[in-house]
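J.: this one's sequence-less:
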């Protein structure tokens, strides 16, 4: 009965106070008991945004980093708080203050930080970055080492750079601790697009006030140009490969001729050497 009352106080429509929850705990309610969905009181309180109850439950012995059942993907209370979105910022703050570990992964191998990035919750992402205490700097370079783009603390967002040449580009994220020390490993989600895939035609239509048909014509024109450019690039590469093959063929032929001349010279020298030794031997026996 006490456990059932505890879950009721942490329910969605409850107006229970901190003292009400503390009284139940003092009377013997199990702070780590499970409801019919196998969720502990802390998970239930987080889901229903009972921010004030978090500190009471944790001090009462609630396992703040305990993982929930498979029905909730093995989420911790902090995972559940992130799923609330920006409206759950107070809950997230309360959990972090109470000692919640933002590095714990759920059954899908995701941390609360990963969930925030995937969902696009910028405010929550920035809060986790400050809790992690390190930043990720972004640098894009070409094959000659020229920096085409750089950004400090690239937590989330879009970036673009323009180049007139086909090349191999290197995208590098460097994790740097803000207060010194050793940086922790970070997982980066990166989606690369180039050519017409990188163009936002909706923004172009709004900026130039284009009709839907005009937007499609613009898209087709860009696609046609992209195909022509690709064919031109492939033709240039084919010419380079042909020149390379011809050069290699010439070098192999000259090397083969040189090797044959060397062998002929060595064979001639061996014959002359053997004849000289043979004549010397005959003279010696004749004497």
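T.: Arrived safely. Keep in mind it's a predicted model, so treat the numbers as computed, not measured.
J.: now the helices for the stretch 151-287 of the chain?
T.: Assigned by DSSP state H, counting those that start in this stretch, the helices in the stretch 151-287 of the chain fall at 201-208, 212-286.
J.: Dump those helices into CSV; add mean pLDDT as well.
T.: Formatted as CSV, those follow (pLDDT from 0 to 100):
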stretch, mean pLDDT
helix 201-208, 80
helix 212-286, 85
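J.: Show me the domain layout of the chain.
T.: With the TED database as the criterion, the domains of the chain are listed as 2-132, 135-192.
J.: Could you look over those domains and pick the most buried one?
T.: Of the domains of the chain, the one with the most neighbours on average (mean count of other C-beta atoms under 10 Å) is domain 2-132, at a mean of 18. Glycine gets a C-beta too; all of them are placed from N, C-alpha and C.
J.: Measure how far that one is from the centre of its chain, please.
T.: Distance, stretch centre to chain centre, for domain 2-132: 27 Å (C-alpha atoms, centre = their mean, to the nearest Å).
J.: Redo the domains of the chain as JSON lines? Include mean pLDDT and distance to residue 210.
T.: Formatted as JSON lines, the domains of the chain follow (pLDDT from 0 to 100; distance: least, C-beta to C-beta, whole Å):
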{"stretch": "domain 2-132", "mean pLDDT": "88", "distance to residue 210": "28"}
{"stretch": "domain 135-192", "mean pLDDT": "78", "distance to residue 210": "21"}
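J.: between the ones you listed, which one is nearest to residue 232?
T.: Judged by C-beta to C-beta, the one of these that comes nearest to residue 232 is domain 135-192, at 10.0 Å.
J.: ok so, going back, JSON lines for the helices of the stretch 151-287 of the chain, including distance to residue 73 and mean neighbour count?
T.: Formatted as JSON lines, the helices of the stretch 151-287 of the chain follow (distance: least, C-beta to C-beta, whole Å; neighbours: other C-beta atoms under 10 Å):
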{"stretch": "helix 201-208", "distance to residue 73": "33", "mean neighbour count": "11"}
{"stretch": "helix 212-286", "distance to residue 73": "39", "mean neighbour count": "10"}
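J.: Could you dump those into JSON lines and include distance to residue 17?
T.: Below are the helices of the stretch 151-287 of the chain laid out as JSON lines (distance: least, C-beta to C-beta, whole Å):
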{"stretch": "helix 201-208", "distance to residue 17": "49"}
{"stretch": "helix 212-286", "distance to residue 17": "57"}
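J.: re the thing from before, with distance to residue 214 added, can I get the domains of the chain in CSV?
T.: Shown next, in CSV, are the domains of the chain (distance: least, C-beta to C-beta, whole Å):
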stretch, distance to residue 214
domain 2-132, 30
domain 135-192, 23
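J.: mind checking which of these is nearest residue 211?
T.: When the domains of the chain are compared by C-beta to C-beta, domain 135-192 sits nearest residue 211, at 25.9 Å.
J.: Compute the first-to-last residue distance for that closest one.
T.: End-to-end distance of domain 135-192 (C-alpha to C-alpha, to the nearest Å): 21 Å.
J.: So what's the gap between it and the chain middle?
T.: 11 Å.
J.: residues making contact with stretch 231-249?
T.: Residues outside stretch 231-249 that contact it (C-beta atoms under 8 Å, 6 or more residues apart in numbering): residue 166.
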